[in-house]
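Engineer: Below are the sequence and a predicted model for it; my questions follow.
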Amino acid sequence: MLPPQSEYFFILSVYCLAIVSLFAGTLQRVARQRHFWIGMFTFFTWCTVLDYVAISLRWWNFPVGRLLGLGLVGIPIEEYCLFVLAYVLVVASWEFVINDMD
């Protein structure tokens, strides 16, 4: 059984591995393109800013006992992983449906 503070990170890791395995070919092709990384940086930056603002205004908080304890600028590392995972999932599924289904 996992300790409570690593459950969320473990779940994100499992989802990440599932996405990479499902869309491996698509992700290899897309990750070579410059606009993929520019889009990821933009999405990551916006999500970080919005999360930080929500935390500062006390609209959002994180349960301390359920996180790994690693963070940057007051945001847990799990949240950053979620930002990357969300972007990769959307781009990979979009590219798979548009280009690989033909």
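Structural biologist: Yep, it's here.
Engineer: Tell me which strands the helix or strand of the chain with the lowest mean pLDDT pairs with, and in which orientation.
Structural biologist: Least confident helix or strand of the chain, by mean pLDDT, DSSP states H and E, is strand 71-72 with a mean of 79. Taking DSSP bridges as the criterion, strand 71-72 forms sheet pairs with strand 75-76 (antiparallel).
Engineer: what's the spacing between the helix or strand containing residue 38 and its chain's center?
Structural biologist: Residue 38 belongs to helix 34-56 when elements are defined using DSSP states H and E. Put simply, helix 34-56 sits 10 Å off its chain's centre (CA atoms, centre = their mean, to the nearest Å).
Engineer: Use 16 as the first number for this chain going forward.
Structural biologist: Happy to do that; since the first residue is 16 now, the last one works out to helix 49-71.
Engineer: buried set for it?
Structural biologist: Neighbour counts using 16 or more other CB atoms under 10 Å place 51, 55, 58, 62, 63, 66, 70 of helix 49-71 among the buried residues. (Glycine included, C-beta is placed from N, CA and C.)
Engineer: my read: the third one touches residue 100, true?
Structural biologist: Right, residue 58. No. With contact defined as CB atoms under 8 Å, residue 58 does not count as touching residue 100 (11.1 Å).
Engineer: Go through the buried residues of helix 49-71 and name the one nearest residue 114.
Structural biologist: Nearest to residue 114 among the buried residues of helix 49-71 is residue 51, at 13.3 Å by CB to CB.
Engineer: Stretch 78-93: end-to-end distance?
Structural biologist: Across stretch 78-93, the terminal residues are separated by 12 Å (CA to CA, to the nearest Å).
Engineer: And stretch 77-92, by the same measure?
Structural biologist: Using CA to CA, the two ends of stretch 77-92 sit 11 Å apart.
Engineer: mind listing what's buried in that stretch?
Structural biologist: Of all the residues in stretch 77-92, those buried under the rule 16+ other CB under 10 Å are 77, 82, 90, 91.
Engineer: Of all pairs in the residues you listed, which one is the farthest apart?
Structural biologist: Based on CB to CB, the longest span within these runs between 82 and 90 and measures 10.3 Å.
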